[in-house]
Each structure stands twice: as C-alpha cells, then as structure tokens.
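Asks: when you get a sec, could you give me coordinates for this:
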Amino acid sequence: MFMLGAIVTWMGGKYFGLNYWVMLLLAPLVVGAIGVVIERLLLRHLYQLDHLYGLLLTFGLTLFIEGVLRSIYGSSGLPFSTPELLTGATDLGFMMLPNYRAWVVFASLSVCFATWYVIEKTKLGSYLRAGTENPKLVQAFGINFPLMMTLTYAFGVGLAAFSGVLAAPIIQISPLMGSNLIIVVFAVVVIGGMGSILGSILTGLGLGLIEGLTKVFYPEASNTVVFAIMAIVLLFRPAGLFGREK
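Replies: As a prediction, the model looks like this:
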C-alpha cells in the first residue's frame, strides 16, 4: 500500500496533470478505497481464524499487486519531481538540510502523533480498543464494530499511501519499492511492542536515526543494525520495549 500510494501519485501527475499537494490528499483516499474492498471481500472472512491466515493472504496479495504493476511499468523506477515550494536546502550550521526532507519529518511526526492521540485519547479510540478485545460486547452497546473495523483498515492503508506520497520525490517510484520495507516495519513493531501505537512511532523514529548514523560511520552494518537491535530486545524483553507482558 506504501508502493500503491507512490504509484497513484505518479499516475495522477502523469495522466491527469495533478500536482504533489493534490495527490498528497487524493492518493490516500484512492488507496484507502482499495483497502475497503480488500477488507470487505477478503480479510473479513479470516477474523475468526488464526492471524497467520491473514498474514499469508496479505503477503500473497502483495506479491500479486507487485507482479501486475511490474508487468505494466517495469522495475527500473519512475521519476517524480520535488514540489517547487520545497526545493533547496537550509543551512543549520552543522549540516545542510534539504527542505523537502524537513517537510517529510514534520509531516510524518504530525500524522503519527495525531493517530496516537485519536486511538489513545478519544472516545472513538476507546471504542476501537475495546472492540479489539471483545467485539461482541461492543456491538451489544449499539456500536457498528464491523463498519469500524473496515474504516480502521482503510485509514491504516491510507496512512501507508500517505507515506508513499512523501517518499515519491526522494526515491524512484517502483513496484518493488515496498518490498524492502516489509521486514524493517516488522522489526519496528516487534521492538516497539505489539499493540503499542506510541511504541511503534518512537521505535520507528529511533531506528531511523540509528540506521542513518550507522550509514555515516559504519556503512557495512547499516543493513543489519536494525535486526541486531531486534534480537537484543527479544532476548531481554520478548514483549517489546513498550509492549505489555501477558
């Protein structure tokens, strides 16, 4: 879905002449609608089964979508220009920070913490958290939990697409651009702790900084440092840094 967000952004510019700012809003909506279809037609039938089946289904769907788009657009990469408003760089004294990279950091943190606030601090979030623990009880209070699940999945898919739009001007858009992220995202969730939104946010930010610094000082270890940290965390805290022990 990260990749689809970037592809839809490219298609909007290529075929419809839509600029980056329009696609920043439109691409998450388009991909979110795709998420609604996936949840309604496929995932909904697996909720009563082991979570492994959902993992296998979505991974298979990932391979299918990648294969279809690679047959259409190839795998060499599609360029997408940085919006004119965010070109150039700012001198921080100790480094030159590209303006677009600064925007990505600001937008990412804003969306992440807004999501955390909604889930942890609002009534809607309390309904969602209660429903994941006991959906039948939540429905007994008149809440349409199946609809809530569909919209939650669509929102998550939309967030992935939003990140794809942010990444489009930084890396070349390719049907394979999401493959390398799957294992890293898995590591972030494991280290942060399953079920902890704030844990995933802080862990993702921290690991990104660690990986970036490793590329500067010891590039050979940049591809493995995340997994080394994951192994150490699992040894001493299997539930993750912010997860709750059962």
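Asks: hey, let's count contacts and neighbours off CA atoms from now on
Replies: Noted.
Asks: any stretches of this protein with poor pLDDT?
Replies: For the chain, applying pLDDT under 70 flags the ranges 244-246.
Asks: swap in 80 and give it another go.
Replies: Counting by pLDDT under 80, the ranges of the chain that qualify are 51, 75, 94-95, 180, 194-196, 223, 243-246.
Asks: mind splitting it into its structural domains?
Replies: Taking automatic domain parsing as the domain assignment, the record places the domains of the chain at 1-46+57-74+84-177, 178-246.
Asks: need the ones you listed in CSV (columns: mean neighbour count).
Replies: CSV is the format used below for the domains of the chain (neighbours: other C-alpha atoms under 10 Å):
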stretch, mean neighbour count
domain 1-46+57-74+84-177, 17
domain 178-246, 16
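Asks: isn't Gly131 up against Gly142?
Replies: No - taking C-alpha atoms under 8 Å as the definition, Gly131 is not a contact partner of Gly142, at 11.9 Å.
Asks: got the contact list for the residue most central in space within the chain?
Replies: To find the centre residue of the chain, average its C-alpha atoms and take the closest one (C-alpha atoms, centre = their mean): that gives Ala160, at 3.7 Å. With contact taken as C-alpha atoms under 8 Å, 6 or more residues apart in numbering, Ala160 is in contact with 1-2, 5, 28.
Asks: secondary structure class of Leu97, three-state.
Replies: strand (DSSP: H, G, I helix; E, B strand; the rest coil).
Asks: partners of it in the sheet?
Replies: Here Leu97 shows beta-bridge partners Thr90, assigned using DSSP bridges.
Asks: surely it meets Ala89?
Replies: Yes - under the criterion of C-alpha under 8 Å, Leu97 makes contact with Ala89 at 5.3 Å.
Asks: could you confirm Phe59 falls within a strand?
Replies: No - membership of Phe59 in a strand is not supported by three-state DSSP, which gives helix.
Asks: ok, the residue nearest to the centre of the chain to Val111 distance?
Replies: With the distance defined as C-alpha to C-alpha, to the nearest Å, Ala160 ends up 11 Å from Val111.
Asks: try Thr62
Replies: Applying C-alpha to C-alpha, the value for Thr62 to Val111 is 24 Å.
Asks: equivalent analysis for Gly208, please.
Replies: As it turns out, when the distance is counted by C-alpha to C-alpha, Gly208 lies 17 Å from Val111.
Asks: now Phe59
Replies: Look at Phe59 and Val111: by C-alpha to C-alpha, they are 26 Å apart.
Asks: now swap in Asp91 and tell me
Replies: As defined by C-alpha to C-alpha, Asp91 lies at a distance of 26 Å from Val111.
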